[in-house]
Structure formats: C-alpha cells, structure tokens
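Q: My questions are about this predicted structure, shown below with the sequence.
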Amino acid sequence: MFVREVFRRFRRNPQLFLMGILSIFFTQLIVNVFIVGYLELDKLGTFRGDAFSVRAYFPDDVTTGQAEEVAERLRGYPEVAEVTIVSREQARLKFLEYFDLREEDLPPEENPFPLSVEAASPRVEDVPSLAERLRETGSFDEVLYGGRNVELFLRFYQMLLSTGGVILLGVFVFSLVVITNVIRISMQSREHEIQVCGLMGATERFIRRPYLYEGFLQGIFAGLAAFVVTYLVADFTLEFLHAAFPFFPWVETEDILVPTLVVNTAMGGFVGFLGSFVASNAVLRGKRRQ
Amino acid sequence: MFVREVFRRFRRNPQLFLMGILSIFFTQLIVNVFIVGYLELDKLGTFRGDAFSVRAYFPDDVTTGQAEEVAERLRGYPEVAEVTIVSREQARLKFLEYFDLREEDLPPEENPFPLSVEAASPRVEDVPSLAERLRETGSFDEVLYGGRNVELFLRFYQMLLSTGGVILLGVFVFSLVVITNVIRISMQSREHEIQVCGLMGATERFIRRPYLYEGFLQGIFAGLAAFVVTYLVADFTLEFLHAAFPFFPWVETEDILVPTLVVNTAMGGFVGFLGSFVASNAVLRGKRRQ
Amino acid sequence: MEGMEFLEFRRVYKIYHNGVRALTNINLSVREGEFVFLLGPTGAGKSTVMKLLSREEVPSAGDVWLDGFRVNRLEDDHLPYLRRNMGIVFQDLRLLPMRTVFENLVFPLEVMGLRRTVMNRYAREVLEVLDLEEKRNHLVEWLSGGEKQKLCVGRAVIHQPKLVLADEPTGNLDGHSAYEMVSGLFQLCREGGSTVVMATHNERILKAFPGRRVYLDRGEIVRDSFRE
Amino acid sequence: MEGMEFLEFRRVYKIYHNGVRALTNINLSVREGEFVFLLGPTGAGKSTVMKLLSREEVPSAGDVWLDGFRVNRLEDDHLPYLRRNMGIVFQDLRLLPMRTVFENLVFPLEVMGLRRTVMNRYAREVLEVLDLEEKRNHLVEWLSGGEKQKLCVGRAVIHQPKLVLADEPTGNLDGHSAYEMVSGLFQLCREGGSTVVMATHNERILKAFPGRRVYLDRGEIVRDSFRE
Ligand SMILES: Nc1ncnc2c1ncn2[C@@H]1O[C@H](COP(=O)(O)OP(=O)(O)OP(=O)(O)O)[C@@H](O)[C@H]1O
Ligand SMILES: Nc1ncnc2c1ncn2[C@@H]1O[C@H](COP(=O)(O)OP(=O)(O)OP(=O)(O)O)[C@@H](O)[C@H]1O
Ligand SMILES: [Mg+2]
Ligand SMILES: [Mg+2]
C-alpha cells in the first residue's frame, strides 16, 4: 500500500524524488572519501614501519652483545612491534646506497657510523612516546625519529582525526538539511492535499507515513548508489595508484567494500528517515498553528 | 518588477529558493577546492626551487673556474631559473648538517664530495627535460634530480591536470543538473499557474523571464556565499598551516581572493541562468506537447 | 429540551487576520437531525460558519459547540475524530488531485482504516446513486464540473456522518441533478438521522424543499424561519 | 452574410484520451456580437466546447474557426495573440494564487505589456462594478466563493476582448449578483460588440434574458433556438 503510494509520488514528481536521492547520495560520497581516507591512513600507520620507527644510537663503546641485551629489553615494551639492530657496517652500506656513492668515495680507514637499534611502533601515534621512553633508558647517545616526515604525517593525522569528526558531523547535518528541505518542498507542493486530508479526519500519523517511507527509501537508494559509485571509482583509482606507485601501501578495493556498504545504506536510510520526520513535523506544526 | 517577482517567489517557497542556492553553492565550494589546489600547486612548482632542482656532479678533475664557465652557459637555457655552484667544502657541510653528524665523525684527511652545480627550474614539469639537457652536455659525471620526491610530485601533478578537467566538468554538469531540477520543481509546483498564464495570453518569454532571473540570482547568491565561506575557511586553515608547517610554501589568503570571487560569481550566475533556461524549456515544451 | 443542542453558536465573532469582520454576534442552535439552509448574499459569512464548525478556522470570540464538545477549544489530537463524524462539501470542491474517482470517494473510509472490501461495498452504492460507475477509475481531473461536484457530495456522505456541511453543493449542477442531490441529503437527514447544514443560492431548490432557513447578511443573522 | 461567420465548428468530434466521447459531430456558427447560452445536463460537453475555442484542447476531428483562423491548426507561437482577444471565465475559476485581487484582475493587461497607470485606470472601473474596491489588495485566497467568481468575470472582460467564454459564471452567486453579472455581459455584447458564449444551469437567468440557446446532450446539439 505504502510502497505503491511512494511509487505514485515518484511518478508524479520524479525530479523531486531524485533530488532527495541526489542530496543523500552526494553526502554519502563525501562520507566514503573519509572512509577510504581513514582506511588508507590506518594501513599507512600499520605498515609503514620503516618510516615510523625510532632510531637510537649507542655510544661508541657499546659492543654488539650489550646491544642485543638492550634490544631484548625493548621488545618487552607494549608500543614496540619490532626491534632491529643495525651494525656499523650495515649503517655504512645504507649510507652509501642512500647517497648513491661508490665504495671508494668514503675513506676506507675508519667507519664513522655508530651501532644503533631501529624500534618500529605498530601505530604512528606511538612514535613520539616510544622515542621518549628510549631516551629515558639512558642506554643511548642519541634517539632520533623520522623527524620531519613523521612529524608532518603526525600533525596531518592528528588534524584529520580532530577535524574529521567535525567535518563528518558537518556532512551529516548538511545532508539532513537538504533531505529535510526536499521532503518539505515535497509536502508543501501537496500542502493543499494535506490540508484536505486533515479535514477528512486523517490523523497526522496517517498523513506523515508515506513521507517517512519516501525519505527512508530515498536514503537507501542514495546509499546504494553511493556505494556502487564509490566501488567503481575506487576500483579504477586504486588500480591506477597501485600501478603508478607500487611501493606505497594503498588500500585494496576489497577492504573498502563492506564498510562503505554498511555505512552508506545505514546512514542513508537513517538520514532520509530523520529528514522526513523533521520536515513532516515542521509542515504539520505550521499547518496546525495556522 | 522582476526582482519583486523573484522576491515573492522566495517568500512563497524559501525552501525551494534556498535549495537552488545550496546546490550551486556546494558545487562552487568544490570548484574553490580546485582553485586553491591549483594555486598551491602553482606556488609549489614555482618556489620550491630546492626540491625541484637538478644536481649535476662534475668529474673529479674539474676546477672551480671551469665549473663557473659551464654554469654561465647553463644560465642561458630557458628552463633554468638559477644556477648555483656547490663547492666540495659546501657539500661536506651540507652532508654533516643533513645527517646531524659532528665534524669528527667524518675522516678529516680527505673530502669525498665532488664539485657540483644546482640548476633550479622555474616549473616542476621542466625538471626531467632539464636533467636530460644537462646529461647531453657531457660536462658532468652524473646528473641527479630529487628522485622519488620529484617523480611522485610530478605524477600527482600530471594526474591532477588530466583528471582535474574531467572532475571540474563533472562538477559543472552536476550543479547544472541540480539547479535545472530545482527550477523545474519550482515550475512544476506552479504548473497550474503557468497554464493559466498561457490561457490569459502570456507568451512563453513572459512566463519564463522570472524563472531566468530567479536562477541567475540564485547562482550569484550561491557564488557569493561560496566565496565568503571559502575565504573564511581558507583564512583559518592557511593560518593554521602556516603556523604548523612554516617551512612549506603555502598560498596566501590574498592570492585566493580575486580568482575565487570572479570564478564563483561568474560560474554561479552562468550555471543558474543556464539551468533555468534548460528547465523552463523542458517544462514549457512538455506543456505544449500535452 | 434535553439541555444542550447538537450544534450551538454562542455569541460568536469572526474577524479574519486581514481585519474583515465575517461574523458578528452569531447565536444559533440546531437540533440533531435538523435540516438547515444557510442563505444570504455573497460575502455574508456562510462559508465562515461552516469553517468554524469544522475547525478550519477558530472564532475570534465566543464558542462553537458540537455534539457536546467545544470545537474551538478541542485539542489538535482530537480533531481527526471530530472530523470523522462530519462530511463536508467544500465550496471549492477540494478533491485530491492525481487520484481516481474511487480513491477520492472512499478517502474518509480509508482514513478510518476500513478494509478494502468494505470500502468497495460502500463505494458501489454511492457511485450508482451519483451515476458515476463508469468513471470509477478515472482521474478526478477528467471529470466535468458537475461530475466533480457530485463526487464531492458523495465523499461527504459515504461514511454516514452525524453532521453534513454542504457549502453551495449545486452550483455546477443542472436543475434535475441538483434536485436529486438535495433529495438525497434530505433522505440522509430523515432516515439516517444526520444533521445537515447547507449553504445555497439556488432558488428553485429553496422553493422545492421544506426546512429551516437561516438568513445571514454582512455577518449577522437577519432571519431564522421555517417552511413546511 | 459576409462569407464566413465569426465562430464556426465544422463537424467537430472530441474523444478524450481516456476514450470518453465528449462531442459528436458538432456544427455551429455564431455571428460576431451574438450572445449564446450553452445549455445541457452535467457532462454534456459544454466546457469541452469552450476548451476547443481557447485551444486548451484540440478536436479529434473537424475544424474550429474563430475570426478567420483555424484554431486547431494555429501555431503555438500565435496562441498568445489569439488568447489576448479572448476573455475566459473558467468553471473552476483558476485565479492565480498568492496574488492580490488587483494583480489577478489586471493580469490580461500585464501580459500585453500595458503600463501600470493604464492598468490602474481599467482596474478601478471594473472593481467598482464588481463591488470589490475594498478588497483590491487582498489575496485571492481571502475572498469568499462568490467574490472569487466575480473577480473571474472581471478578469475575463477587463481587456474588452472580442470573445468572452463564460463557463458557469453564476454558480456561486446569489440571485441579485448573478443577474447583475449577466446584465453586464449583455451590455458588453450590445455596446462593446463582443461575442459572448455562456454555459449555465441558472434557470432564473435563462428566464430573465433573451438570446440564442444551444442545447447540448451527450455531446450532440439537440436544439438551437432563440428567445426574444
Ligand atoms: N481566509 C480569509 N481571510 C480573510 N478574509 C476572508 C477569508 N475567508 C473569507 N473572508 C472574508 O470574510 C467574508 C465572509 O466570507 P464567507 O466566505 O464566509 O462568505 P460566504 O457567505 O460564504 O460568501 P459566498 O456566498 O460568496 O460563498 C467575506 O468578506 C470574505 O472576503
Ligand atoms: N480532460 C478530460 N479528460 C477526459 N475526459 C474528460 C475531460 N474533460 C471532460 N471529460 C469528459 O467529457 C465529458 C464532457 O465534459 P464537459 O466538461 O465538457 O461537460 P460539461 O457539459 O461542461 O458538464 P458540466 O455541466 O458538469 O460542467 C464528460 O463525460 C467528462 O467526464
Ligand atoms: Mg461561501
Ligand atoms: Mg463544464
């Protein structure tokens, strides 16, 4: 009965119906950008161990054995995922590689590089506190971490976490406002009809019900559309990115599927329903006050 | 007369009027993201001379005088903005600084760093071709440029340039579709009225005119709103970014003002007008065919 | 006299928000099952009386009582139930657009939550009386003026309400149809016990039917008579 | 006879898209300046005749001629100019909502691009005749049924059109107002030279006025007479 009513509404004014879908669809796309961004950051934070590790240099007089001992102790820390000892020779080779120098560019007599450990943290946020703890042990001459790169990334990450909530809330409110207005317009264009219904003895619940269905369905449709579009775009883009920057840990399309589908349909339906509810309340209250 | 008519429309159905504004406003915000992104990229490409410069290493036997000569020749190239000679001593100091090493960490006997020139290009796109030209001169042992960083940046830049057009076109079409639908709904909700006007001898031009004004005004308002919001957000964000990453060449708020204002009002007004035109055509044609 | 009348206006004034004095000191009581013609020139306030009864408008002063309830003080939540005991023929028809004749006709029943089979049964009967069976599934937009008006009357009586408010229900009907329509309302009143208030300008109808006549002029009741 | 009549139906059929035969083989000619009453029961096809004249509908077969133009073949671009020579009182009124009485009244003048001072002059005169001066700046929603109908008639004649189509223009008027209204139309016809086609069920009006009477029944012309 009510699905038929919604279908009639669609036939009567497809533009308006599609507008509702479009608005939720659009905001769901933004939500999806955040979901994908979050998943990507999550992946980055977890896997880029090399970039987000702390390097601690031992004093010159520490032997490999002593270093092993310290490393063992570090492995007990909760924020440490992995500890690697970098010997003085390994450090020298790494240096040569990094600067693209030849063996004979460096003086062969002495190796200036100190013994060090690399302690990787599973989460990028833990890097500064890990560095702090390493410093406190007193075993090291110097404790460094990725410096600018990590700091940049950290600040960006924190900014995203702190503003992400605000932005998502904004998007949510925005889509709510739009769908509310669409339903409101839809009701206003039938204001006369609604008034007649009321004069025939229809309760507000009776009048409101098809609009709630309408909003809910619009939300679900919009969510599904956003999911499909996101899937297609992500599949294409990620394939491109994987090919273009293979060394970078891009998220896989499959990782995106379930979270976006769930969030889009749930949030879409919820926003649609809530929007209809708010709109119908406003219109009916306006009518009553008349 | 017509402004009064538009005002009456607004009063009669503010929701619908604001929807039109909202849709254009929203797409203009996206356009603004692109404008700011483009300006930022532009600034990056122009000013990050250090990151996007090519470094060419002379063979060991080249003297400072010979190097000066080569550098002079390079200054004549169109893609070269600046050429600096980096002496062997300068290279050594830079190295120490970069790796945070002390003077005594390096063997004092011999300086392993070769004499080099740094040639900065005014635009990041020119870096690879500049490197190629330097290689072709035969004066150098080795020609290197930022490697991964520049390459990443270049690919990103190219991606943005190639997809940016597509995305902007998409945004344009999207906002056109939305405003068209809004005007269409606006006309359909007055379908009865439009029909009566026709029966009273109103020409289509007469009927359509207020809708064109309406769309145009909505577009202008939306453009202005987008401009103001962009200005406020950009001002805040850029201040934050300038403070957080002072070394990075962020665009200044003032650089954004004029381009966004011009693009927003022009594009907003145009899209609004075009949308109304398309919508009124569609509705009137539908009516005629009836 | 059993205390209170079925319908009563007590010192009712109505001044619209634009300052128009539509009703001035209206006192009127109507017994249950009475048939009342409301007469008077254009702008006299007939429709306003109807609107106060259905709570489409509220009086500026005074009280409107209906079936023991003070209509102007009724809570919003109770209004639908008040209106389900009413049938209204609007002067401007107010059919639901984009719906069929059948859907419009049974709307008062649908609102009460009756089942489709019941609605069908009621509708068949009324459509036959109105001579609109053939147009059962036509959209109301496709009806002629008179057919629309008949449909409105049908919609107002299909649920056999206790009160029928008929505001100029014969304006678009030919003499014969108008006569039949009012006969039907009289029958509903006599046999079904409904109270009917009907505003009309149709002089032939007035000549043909008995009943009470309340004359309004410029918002005041100027005469209240009865014709056998 | 100067060859062609002002208004002519030649073997006109109208079958609506839902299959309803509204008009069957209508042949009718009306001279310029004639006053024609269109009579017949509900659903006879009176409004359909009007709609064919204003090109709101096109005939399924046959031709409708008006003032030398074949209305059913007229190009869309010419329609507005055809309609500016017409004044229509719609059976369902069709006032422009959310506009004032004045704005509705002068709409046919506004459409022609007349200046405001001219519109004011015309409007003052008509409002006086209609007795609506006080309500000049009221929204049409605030009018009573009869006042709306009077306004519709005013809108149809304000630009002194060559043809007035009045579809049941007295349905919501009291006897006196109805008489005055039709007198006004007669005067327009006699003195202004306009042709008037009026559909009505009002028997008192028919008794009071002379003129040609065309009777329709089930889409066919069953009688065409003249009463002095
Ligand atoms: N919604 C409204 N707002 C303001 N004024 C109104 C409104 N409705 C009616 N009026 C005014 O109140 C007066 C009475 O109107 P009402 O509709 O009751 O008259 P009526 O007796 O039904 O007339 P008619 O025979 O023309 O239908 C009129 O002067 C009218 O202009
Ligand atoms: N738009 C339409 N679509 C389909 N059928 C229609 C349409 N308009 C009218 N009809 C049908 O055509 C027939 C003639 O209608 P018309 O409106 O011409 O009657 P009328 O003589 O004006 O009647 P009334 O006196 O009730 O106004 C009726 O049966 C009606 O149902
Ligand atoms: Mg009335
Ligand atoms: Mg008719």
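A: That came in fine, so what should we check first? This one's a predicted model, so the numbers in the text were calculated from it and none came from an experiment. Numbering: from 1, shown residues only, chains lettered A, B, ... in the order given. Ligands and ions are numbered 1, 2, ... in the order given.
Q: all strands of the chain, in order?
A: No chain in the question, so chain A it is. A:53-57, A:82-86, A:116-120, A:142-145 (DSSP state E).
Q: my question was about chain C
A: C:7-15, C:21-30, C:35-39, C:61-66, C:69-70, C:86-89, C:163-167, C:195-199, C:211-217, C:220-227.
Q: of those strands, which approaches ligand 2 most closely?
A: When those are compared by Cβ to the nearest ligand atom, strand C:86-89 sits nearest ligand 2, at 15.4 Å. (Glycine included, C-beta is placed from N, CA and C.)
Q: Pull the residues that contact that closest one.
A: Residues outside strand C:86-89 that contact it (Cβ atoms under 8 Å, 6 or more residues apart in numbering or on different chains) are A:199, A:201, C:50, C:53-54, C:108, C:149, C:152-153, C:155-159, C:161-167, C:169.
Q: Quick check: the residue of chain C nearest chain B.
A: Relative to chain B, the nearest point of chain C is residue C:97 (9.3 Å; Cβ to the nearest Cβ).
Q: What residues does that residue make contact with?
A: For residue C:97, the contact set (Cβ under 8 Å, 6+ apart) comprises A:193, C:140-141.
Q: could you list every residue that touches the residue nearest to residue A:24 when sequence neighbours are not counted?
A: Closest residue to residue A:24 apart from its sequence neighbours, by Cβ to Cβ, 6 or more residues apart in numbering or on different chains: residue A:222 at 3.5 Å. By Cβ under 8 Å, 6+ apart, the contact set of residue A:222 is A:20-25, A:28, A:264, A:268, A:272.
Q: Just want the most central residue of chain C.
A: In chain C, the C-alpha nearest the mean C-alpha coordinate belongs to residue C:165, at 1.4 Å (Cα atoms, centre = their mean).
Q: Name whatever forms a beta bridge with it.
A: residue C:88, residue C:197 (DSSP bridges).
Q: Surely it is in contact with residue C:47?
A: No. Using Cβ atoms under 8 Å, residue C:165 makes no contact with residue C:47, being 9.6 Å away.
Q: Could you pull up the contacting residues of residue A:135?
A: Counting by Cβ under 8 Å, 6+ apart, residue A:135 touches residue A:143.
Q: Ok, residue C:106 next?
A: Each residue near residue C:106 by Cβ under 8 Å, 6+ apart is listed here: C:114, C:119, C:122-123, C:158.
Q: Specify which member of these is nearest to ligand 3.
A: Distance to ligand 3, by Cβ to the ion, is smallest for residue C:158 among the contacts of residue C:106, at 23.1 Å.
Q: if we can go back for a sec, okay, the contacts of residue A:222 in CSV with distance to ligand 4, pLDDT and neighbour count next?
A: Compiled in CSV, these are given as follows (distance: Cβ to the ion, whole Å; pLDDT from 0 to 100; neighbours: other Cβ atoms under 10 Å in any protein chain shown):
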residue, distance to ligand 4, pLDDT, neighbour count
A:20, 38, 81, 28
A:21, 41, 87, 24
A:22, 41, 83, 21
A:23, 43, 79, 30
A:24, 45, 85, 31
A:25, 46, 87, 23
A:28, 50, 87, 29
A:264, 52, 94, 28
A:268, 48, 92, 30
A:272, 43, 91, 32
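Q: Quick one: distance of stretch A:64-75 to the chain centre.
A: 37 Å (Cα atoms, centre = their mean, to the nearest Å).
Q: buried residues in that stretch?
A: For stretch A:64-75, the buried set under the neighbour-count rule, 16 or more other Cβ atoms under 10 Å in any protein chain shown, comprises A:67, A:70-71, A:74.
Q: which parts of chain C sit against ligand 3?
A: With Cβ under 5 Å from the ion as the criterion, chain C meets ligand 3 at residues C:47, C:91.
Q: just how off-centre is the longest helix anywhere in chain C within its chain?
A: Taking DSSP state H as the criterion, chain C has its longest helix at helix C:175-192. Relative to the centre of its chain, helix C:175-192 is centred 13 Å away, using Cα atoms, centre = their mean.
Q: same question, stretch C:157-171
A: Distance, stretch centre to chain centre, for stretch C:157-171: 4 Å (Cα atoms, centre = their mean).
Q: Whichever residue of chain C sits closest to ligand 2 - how many residues pack around it?
A: Scanning chain C for the residue nearest ligand 2 gives residue C:146, at 2.6 Å (criterion: Cβ to the nearest ligand atom). For residue C:146, the neighbour count with other Cβ atoms under 10 Å in any protein chain shown is 26.
Q: my guess is it contacts residue C:177, does it?
A: Yes. Assessed by Cβ under 8 Å, residue C:146 is found in contact with residue C:177 at 6.3 Å.
Q: which residues do these two both contact?
A: Residues touching both residue C:146 and residue C:177 (Cβ under 8 Å, 6+ apart): D:41-42.
Q: got the contact list for the closest residue to ligand 2 within the stretch 1-150 of chain A?
A: Among the residues of the stretch 1-150 of chain A, residue A:12 lies nearest to ligand 2; the distance is 17.1 Å by Cβ to the nearest ligand atom. With contacts defined as Cβ under 8 Å, 6+ apart, the neighbours of residue A:12 are residue C:98.
Q: Name the residues of chain C found near chain D, please.
A: Residues of chain C lying close to chain D by Cβ under 8 Å from any Cβ of the partner chain are C:16, C:18, C:20, C:40-43, C:47, C:91-93, C:138, C:142, C:144-147, C:150, C:167-168, C:171-178, C:201, C:203-204.
Q: Check residue A:54 and give its pLDDT.
A: pLDDT, residue A:54: 78.
Q: Next: residue A:98.
A: So, for residue A:98, pLDDT stands at 59.
Q: So stretch A:56-73, near chain B or not?
A: No. Stretch A:56-73 does not reach chain B (Cβ under 8 Å from any Cβ); its nearest approach is 10.0 Å.
Q: How far away from the center of its chain is that stretch?
A: For stretch A:56-73, the distance to the chain centre is 39 Å (Cα atoms, centre = their mean).
Q: Show me which positions of stretch A:70-89 end up buried.
A: The neighbour-count criterion (16+ other Cβ under 10 Å) identifies A:70-71, A:74, A:77, A:79-81, A:83, A:86 as the buried residues of stretch A:70-89.
Q: And those residues, which is closest to residue B:233?
A: In terms of Cβ to Cβ, no member of the buried residues of stretch A:70-89 lies closer to residue B:233 than residue A:79, at 35.7 Å.
Q: residues in chain C within reach of ligand 2, list them.
A: Contact residues (Cβ under 6 Å from any ligand atom) of chain C with ligand 2: C:142-147, C:172.
Q: Try it again at 8 Å.
A: C:135, C:138-139, C:141-149, C:172-174 (Cβ under 8 Å from any ligand atom).
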